[in-house]
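K.L.:
Turn this into a model:
(chains A and B)
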Amino acid sequence: MPNFIMSYLGSTVTPGEAGNQFWALIYVLIIFAAVSLAVVAMNWFERKALAHFQIRLGPMRVGPHGLLQPIADALKLALKEDIIPAEADQFVFWIAPVIGLLAAFTVYTVIPFGPSQAVSDMNIGVLFMLGVSSLGVLGIVVAGWASNSHYPLIGALRSSAQMVSYEVAMGLAVVSAVLMTSMKTGTGTLSMIGIVESQQQQGIWFIFKFFPLGLIAFVNFVIAMIAETNRAPFDMAEAESELTAGYHTEYSGLRWSLFMLAEYAAMIAVSSIAVTLWLGGWLRPFPNLLNAPAWDFIFSLFPGLTFGALAAVAVIGVMRMPVHPYFRVQRIGLAVFAALLGFIALFLLVIALAGRSSDATVAARFRDGIDYVYWFVLKVALFMYLFIWCRATWPRYRFDQLMRVGWKVLLPITLVVLILTAIVGVIVS
Amino acid sequence: MPQNYVPIFLFVAVVGILIPLTLLLARIIRTQSPNRVKLMPYECGIDPYDNARGRYTVRFYIIAILFVIFDVETVFLFPWAVKFKALGVFGLIEMLVFLGILIVGYVWVWKKGALEWV
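P.N.:
Presented below is the predicted three-dimensional model:
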């Protein structure tokens, strides 16, 4: 393997800190590809999960259990005619989805997948995250205005009002998490990596800190983030029974799919932020309590075992498929998918074993890196499920109720939690 | 420290190049046959009767102003949160005074009915 790849794998700092822009570019491309892939997977999973909530099967035809449905959809969208209304502002109409995507993706610069597995570790990471994620509203407003049509304009106005209202509560909840970082060492930090490290030093996830203050702040943040990403039950901006499709009514084809991509990328981004601030980021469960090397080894087997379990589920699916000529292609497809998952599982298990047997720093660090990313992604995946769960469970809010919850419930509660956290912090010291 | 900020531009460049490139490439494969009815704004099948960029409720404006006030307040809280331990009780009381002034304003806004959405 080339020398520079080994040096990247064994590094203890982020590419931004090392000042190596080529390496940073590799990280950026990996994150871009991975998030896009995650959005595709999420699309399939959301349709499947929603269907099963409603006792339906969901997509079953394109590929085994509809696994190729998102790809078929993407092809369909790319082939569809792209209509720009005659009275629309052409340039602004064109640029709106790009702005939305830029805002959604640039947040990933500071998200720490591990102590050195981030593009960059800024000392103002939290402020950067809040600022950039709130730029997402710009894409929506611009899209609604450029369409020059009634539904998109109303959708954009509603969406902007909703996003700015919940951002206040979101920001205050984040402040109370930042406050907790200064409890032990004396100086707090706004760096995303620093926040996770201070959770490690204090030996507690911030969700359990000063119980129940951390928990309340966390719940407020989760409610605000669902509203911030325009997801059900707060999806007033695209309430189809009132506004057809909200701000992207006039968009079609690939341009429309860019809005979907931006929405899902933003969902993953805010979930990552919640995981970083309150759920200990890349830390595995009980990192301080179960810190013997044996425990390290057991926990490092988890990624491989997870993929092994997924492969087993796929194998069961192959065996349960009806034996009929019509299902032959689907059976073969699912078997190939199961084999792929099995290979990934094997690969991860081999890495876990190799990282243990050798003291070679590169192998051990690579194993650690996989562990960090695994725990981080697992926590984010739980949030993704939460999003779908909320969508399946609750009916949509009315707009005045939405505003009341944002300004009269969330804002006072987060303020009180913030003040109480500060008072308790002073008393404890 | 400044080298930490360069990757932001990398990210912006990657997304800003790849996405417009995809849109341009898709232009080659997709169909294109616009006509007058297709290019009309969508309004549930009826002809649009006026320009969409008309007047809308002033509530949105009020919400925007309130947002600016409270978000700036949040930004002021960040430095205090970082230096919380060093500032101690003095910092806490200072911040309580600051928040107290804002809470008075918040209560006034609430009583005034600016948070109602009628």
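
K.L.:
Tell me which helix or strand the residue located most distally from the centre of chain B sits in.
P.N.:
Residue farthest from the centre of chain B, counting by C-alpha atoms, centre = their mean, is B:Ser33 at 36.3 Å. In the assignment (DSSP states H and E), B:Ser33 maps to no helix and no strand.

K.L.:
and it, how far is that from A:Gly253?
P.N.:
13 Å (C-beta to C-beta, to the nearest Å). Just so you know, the C-beta spots here come from the backbone N, C-alpha and C atoms, and that holds for glycine as well.

K.L.:
Mind checking what secondary structure A:Ile55 has?
P.N.:
coil (DSSP: H, G, I helix; E, B strand; the rest coil).

K.L.:
got it, and the one 4 residues further on?
P.N.:
The three-state label for A:Pro59, taken from three-state DSSP, comes out as coil.

K.L.:
That one reaches A:Gln69, doesn't it?
P.N.:
Yes. Judged on C-beta atoms under 8 Å, A:Pro59 makes contact with A:Gln69 at a distance of 4.1 Å.

K.L.:
Can you check which residues contact both of these two?
P.N.:
Common contacts of A:Pro59 and A:Gln69 (C-beta atoms under 8 Å, 6 or more residues apart in numbering or on different chains): A:44, A:47.

K.L.:
so what sits against both of B:Ser33 and A:Gly253?
P.N.:
By C-beta under 8 Å, 6+ apart, the residues touching both B:Ser33 and A:Gly253 are A:Glu81.

K.L.:
So which bits of the helix of greatest length in chain B are buried?
P.N.:
Identified as the longest helix of chain B according to DSSP state H is helix B:84-112. Under the neighbour-count criterion of 16 or more other C-beta atoms under 10 Å in any protein chain shown, helix B:84-112 has B:84-85, B:87, B:91-92, B:95, B:99, B:102, B:106, B:109 buried.

K.L.:
ok, of the residues you listed, which one's closest to B:Leu77?
P.N.:
B:Met95 (7.2 Å; C-beta to C-beta).

K.L.:
near chain A, which of the buried residues of helix B:84-112 show up?
P.N.:
Contacts with chain A within those, counted by C-beta under 8 Å from any C-beta of the partner chain: B:84-85, B:92, B:95, B:99, B:106.

K.L.:
Tell me which two of those sit farthest apart.
P.N.:
B:Lys85 and B:Tyr106 (27.8 Å).

K.L.:
State the mean pLDDT of stretch A:20-37.
P.N.:
For stretch A:20-37, mean pLDDT rounds to 86.

K.L.:
is any part of it close to chain B?
P.N.:
Yes. If you take C-beta under 8 Å from any C-beta as the test, stretch A:20-37 does meet chain B, through A:21, A:24-25, A:27-29, A:32.

K.L.:
Need the buried ones from those selected in ChimeraX.
P.N.:
Here is the ChimeraX command that selects the buried residues among the residues of stretch A:20-37 next to chain B (16+ other C-beta under 10 Å):
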select /A:21,24,25,27,28,32
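
K.L.:
Kindly export stretch B:27-41 (C-alpha atoms) in PDB.
P.N.:
In PDB, the C-alpha atoms belonging to stretch B:27-41 read as follows (Å, rounded to 0.1, in the frame of the first residue of the first chain):
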ATOM      1  CA  ARG B  27     -30.000  17.700 -19.800                       C
ATOM      2  CA  ILE B  28     -28.500  15.400 -22.400                       C
ATOM      3  CA  ILE B  29     -30.700  12.400 -21.500                       C
ATOM      4  CA  ARG B  30     -34.000  13.900 -20.500                       C
ATOM      5  CA  THR B  31     -36.900  14.700 -22.800                       C
ATOM      6  CA  GLN B  32     -37.800  18.300 -23.500                       C
ATOM      7  CA  SER B  33     -41.000  19.400 -25.100                       C
ATOM      8  CA  PRO B  34     -42.500  22.400 -23.300                       C
ATOM      9  CA  ASN B  35     -45.800  24.000 -24.300                       C
ATOM     10  CA  ARG B  36     -47.800  26.900 -22.900                       C
ATOM     11  CA  VAL B  37     -50.000  25.000 -20.500                       C
ATOM     12  CA  LYS B  38     -47.000  23.100 -19.100                       C
ATOM     13  CA  LEU B  39     -45.200  26.300 -18.400                       C
ATOM     14  CA  MET B  40     -48.100  27.900 -16.400                       C
ATOM     15  CA  PRO B  41     -47.800  28.100 -12.600                       C
END
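
K.L.:
Mind listing what's buried along that stretch?
P.N.:
Neighbour-count burial for stretch B:27-41 [16+ other C-beta under 10 Å]: B:40-41.

K.L.:
Contacts for that stretch next, please.
P.N.:
Contacts of stretch B:27-41 (C-beta under 8 Å, 6+ apart): A:78-87, A:147-150, A:250, A:253-254, B:47-48, B:52.

K.L.:
what's downstream of the helix or strand harbouring A:Val175, the next helix or strand?
P.N.:
For A:Val175, the element it lies in under DSSP H and E is helix A:150-181. Moving toward the C-terminus from helix A:150-181, the next helix or strand (DSSP H and E) is helix A:192-202.

K.L.:
Could I get the CA-only coordinates of that following helix as CSV?
P.N.:
Written as CSV, here are the backbone C-alpha positions of helix A:192-202 (Å, rounded to 0.1, in the frame of the first residue of the first chain):
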residue,chain,number,x,y,z
MET,A,192,-17.3,19.3,18.2
ILE,A,193,-14.5,16.9,18.9
GLY,A,194,-13.8,18.7,22.2
ILE,A,195,-17.4,18.3,23.3
VAL,A,196,-17.2,14.5,22.9
GLU,A,197,-13.9,14.4,24.6
SER,A,198,-15.2,16.3,27.6
GLN,A,199,-18.0,13.8,27.8
GLN,A,200,-15.4,11.1,28.0
GLN,A,201,-13.4,13.0,30.7
GLN,A,202,-16.5,13.6,32.8
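
K.L.:
thinking again about what came up before, filter the contacts of stretch B:27-41 down to the buried ones.
P.N.:
A:78, A:80, A:82-85, A:87, A:147-150, A:250, A:253-254, B:52.

K.L.:
out of these, who's nearest A:Ile351?
P.N.:
For the buried ones among the contacts of stretch B:27-41, the nearest to A:Ile351 is A:Ala78 (36.5 Å; C-beta to C-beta).

K.L.:
Sounds good, over and out.
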